[in-house]
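In: got a structure for you, letters missing:
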């Protein structure tokens with residue numbers, strides 16, 4: 001009997017050992033796949049404006065600061081206190097600057113690594129909530145190949161880090177149900193979120209609390225759990241307390257109110273949208289996985305007594321509802337909902353994978369995958385044959401890969417072949433690899449002029465202690481970062497009065513904009529002798545909305561020209577970054593062109609030395 005028991009124990013130990021190595025293989029495989037996808041070709045494109053340019057500049061000032069400057073604790077942006085966001089990710093980037101220098105690759109690599117780490121972490125979450133390995137693996141692979149996660153996770157932004165720390169927090173919360181020592185890890189995860197994006201820690205912490213209240217209410221009253229969480233979040237509490245002691249009024253007004261709470265009920269910098277804004281974002285960029293996630297959410301509702309269903313519904317529902325009612329809307333705010341959608345999709349695919357061979361798959365899957373394939377084919381033909389830009393060849397290749405993947409997957413679904421799951425995973429991974437190898441993966445760079453040629457001119461021609469003013473509509477953090485100079489949009493002043501010559505010129509330009517079929521209005525304006533701007537505005541009927549808008553744009557342009565002239569006349573040594581067409585219109589005396597960024601059509605000018 002003893003011998004039999006000993007043999008049984010050996011068998012159980014061997015099973016545990018095999019399971020351990022299998023788990024390790026899955027985790028390392030997911031991490032390797034994520035690191036390749038999220039880090040390939042990182043430094044090929046310039047940093048984009050706003051978040052990337054700002055984060056990279058703050059990290060550079062931390063890197064340049066002396067050991068005694070405490071820049072790592074109290075970061076700055078162009079010498080002024082930077083309180084928009086806590087500096088954890090900026091510190092990581094500064095460390096990479098120390099090893100690899102200041103460039104796009106080192107600026108983006110920390111976020112890419114953290115986002116890659118979130119993939120095996122989500123697999124760990126799946127292993128905690130699902131009874132089998134398959135849905136956990138499918139969930140991690142869906143998350144790995146989601147376009148919004150992969151693209152934003154590669155950027156020098158804070159959102160990839162939030163994903164990593166958020167999933168780590170949820171993993172520790174789930175494990176704390178069996179071992180309260182994991183509550184310390186949950187606290188550390190919340191602290192990391194709070195040191196990355198402030199108020200986001202409260203939202204994700206509330207989601208974890210609501211899940212425990214529904215699934216494991218005994219933990220809510222556990223003294224040891226709360227002690228572990230409190231000890232874990234102490235670094236965040238200490239940092240916030242230090243900021244308050246250092247500059248109490250500025251910290252509260254900027255970090256707590258302006259950059260956190262006010263985004264809930266006011267629109268920051270005009271970024272707003274309807275309550276369904278994020279639903280549209282998900283609909284635009286989450287295919288084909290959204291198809292299975294929606295079915296997975298339906299499955300979760302049916303099985304809402306299970307922990308995985310409770311967790312998925314609470315995470316997706318609470319987070320999506322919270323960001324949807326916020327007034328400020330930005331595309332990357334929705335990223336933390338994608339892991340929950342991946343878990344729902346993984347559950348659905350696992351259920352399909354385990355179906356008997358005689359069961360039919362939903363016909364809508366074949367239709368939707370087929371539709372995506374047809375759209376991709378049309379796009380491929382267009383970009384390959386009907387556009388002259390050589391860079392569009394990359395788009396054609398990517399769309400061809402998408403079309404092939406979706407066509408094969410649609411056929412396999414129609415044949416009740418579960419291999420369509422493998423085809424989708426491999427196909428989407430290859431499509432994303434091709435996409436990130438192309439020059440199109442940061443499409444926002446096309447929204448304004450190329451920044452690097454202009455920045456090089458400013459860096460070479462302007463001393464570091466001088467400000468540069470520009471006629472461009474807004475400040476570009478990426479231009480500031482590359483030029484290592486502050487380039488500020490010139491404040492446009494309202495024109496109180498125009499000369500008769502300017503009024504006549506404005507009237508003539510307006511007449512040229514009137515369609516030929518509106519001769520009466522043309523004759524009316526030709527006979528008009530306006531004494532001021534108001535008279536010119538009143539001459540246009542209120543029904544001519546487009547013409548009124550064109551007049552307003554002309555007036556704004558005139559105001560900009562006036563402001564540029566005033567600045568030029570009022571400075572001994574001005575530095576202006578303006579378009580070449582604007583330079584011709586200004587007709588400035590003693591203007592010296594310091595540099596010309598020909599492809600971008602921008603010139604840097606100053607006054608000739610007398």
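Out: Received the coordinates, thanks. Note that the structure is predicted; figures quoted are calculated from it, not measured.

In: residue ranges with poor pLDDT in the chain?
Out: Applying pLDDT under 70 to the chain picks out residues 1-18, 357-358, 493-544, 547-548, 550-552, 600, 609-610.

In: that one - how does it break down into domains?
Out: Listed by automatic domain parsing, the domain ranges of the chain are 12-353, 363-442, 447-494+563-607.

In: how about these in JSON lines, adding distance to residue 549?
Out: For every residue, glycine as well, the C-beta is placed using N, CA and C. Putting these into JSON lines (distance: least, Cβ to Cβ, whole Å) gives the following:
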{"stretch": "domain 12-353", "distance to residue 549": "18"}
{"stretch": "domain 363-442", "distance to residue 549": "31"}
{"stretch": "domain 447-494+563-607", "distance to residue 549": "17"}
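
In: return the most buried member of those.
Out: Per residue and on average, the most neighbours among the domains of the chain fall to domain 12-353, with a mean of 19 (mean count of other Cβ atoms under 10 Å).

In: distance between that domain and the chain's centre?
Out: For domain 12-353, the separation from the chain centroid amounts to 13 Å (computed by Cα atoms, centre = their mean, to the nearest Å).

In: return the list of helices and strands in contact with whichever strand or helix holds residue 311.
Out: In the assignment (DSSP states H and E), residue 311 maps to helix 307-325. With contacts taken as 3 or more Cβ pairs under 8 Å, 6 or more residues apart in numbering; DSSP states H and E, helix 307-325 sits against helix 104-129, helix 159-176, helix 200-215, helix 277-285, helix 289-302, helix 338-353.

In: hmm, 10 Å instead?
Out: Applying 3 or more Cβ pairs under 10 Å, 6 or more residues apart in numbering; DSSP states H and E, one finds that helix 307-325 makes contact with helix 104-129, helix 133-144, helix 159-176, helix 200-215, helix 262-265, helix 277-285, helix 289-302, helix 338-353.

In: contact partners of the shortest one?
Out: What it means is helix 262-265. Here helix 262-265 makes contact (Cβ atoms under 10 Å, 6 or more residues apart in numbering) with 199, 253, 256-257, 268, 271, 322-323, 325-330, 333.

In: let's see 7 Å
Out: Residues outside helix 262-265 that contact it (Cβ atoms under 7 Å, 6 or more residues apart in numbering) are 268, 326-328.

In: just those now: which is nearest residue 455?
Out: Comparing the contacts of helix 262-265 against residue 455 with Cβ to Cβ places residue 268 closest, at 26.3 Å.

In: for the closest residue in space to that closest one that isn't next to it in sequence, give me its contacts.
Out: Nearest in space to residue 268, with sequence neighbours left out and distances taken as Cβ to Cβ, 6 or more residues apart in numbering, is residue 328 at 4.7 Å. If you count contacts by Cβ under 7 Å, 6+ apart, residue 328 has them with 263, 267-268, 271-272.

In: look at residue 578 and give its secondary structure.
Out: strand (DSSP: H, G, I helix; E, B strand; the rest coil).

In: hang on, it packs against residue 606?
Out: No - with contact defined as Cβ atoms under 7 Å, residue 578 does not reach residue 606; the gap is 11.5 Å.

In: that older thread, the contacts of helix 262-265 into JSON lines, with extra columns for secondary structure?
Out: Formatted as JSON lines, these follow (three-state DSSP):
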{"residue": "268", "secondary structure": "coil"}
{"residue": "326", "secondary structure": "coil"}
{"residue": "327", "secondary structure": "coil"}
{"residue": "328", "secondary structure": "strand"}
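
In: mind picking the two most distant members of these?
Out: Maximum distance among those (Cβ to Cβ): 10.1 Å, for 268 and 326.

In: need the helices for the stretch 401-550 of the chain, in chain order.
Out: Secondary structure of the stretch 401-550 of the chain (DSSP state H, counting those that start in this stretch): helices at 420-437, 451-461, 477-483, 500-513, 519-527, 533-538, 545-570.

In: to the chain's geometric centre, what's the distance from the longest one?
Out: Right, helix 545-570. Taking Cα atoms, centre = their mean, one finds helix 545-570 lying 33 Å from the centre of the chain it belongs to.

In: equivalent analysis for the third one, please.
Out: Between the centre of helix 477-483 and the centre of its chain there are 19 Å (Cα atoms, centre = their mean).

In: residue 310 is nearest to which of the helices and strands packed on helix 307-325?
Out: That would be helix 200-215 among those, by Cβ to Cβ, at 5.0 Å.

In: for that closest one, packing partners?
Out: helix 159-176, helix 182-197, helix 307-325 (3 or more Cβ pairs under 7 Å, 6 or more residues apart in numbering; DSSP states H and E).

In: what angle separates that helix from helix 307-325?
Out: Using axes from the mean of the first three to the mean of the last three Cα atoms, to 10 degrees, the inter-axis angle of helix 200-215 relative to helix 307-325 is 140 degrees.

In: can you tell me what sits against the helix or strand following helix 200-215?
Out: For helix 200-215, the following helix or strand on the C-terminal side (DSSP H and E) is helix 223-232. For helix 223-232, contacts defined as Cβ under 7 Å, 6+ apart pick out 176, 180-181, 183-188, 190-191, 219.

In: can you put those in a markdown table and add distance to residue 102?
Out: Formatted as a markdown table, these follow (distance: Cβ to Cβ, whole Å):
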| residue | distance to residue 102 |
| --- | --- |
| 176 | 41 |
| 180 | 44 |
| 181 | 41 |
| 183 | 39 |
| 184 | 36 |
| 185 | 34 |
| 186 | 35 |
| 187 | 34 |
| 188 | 30 |
| 190 | 31 |
| 191 | 28 |
| 219 | 46 |
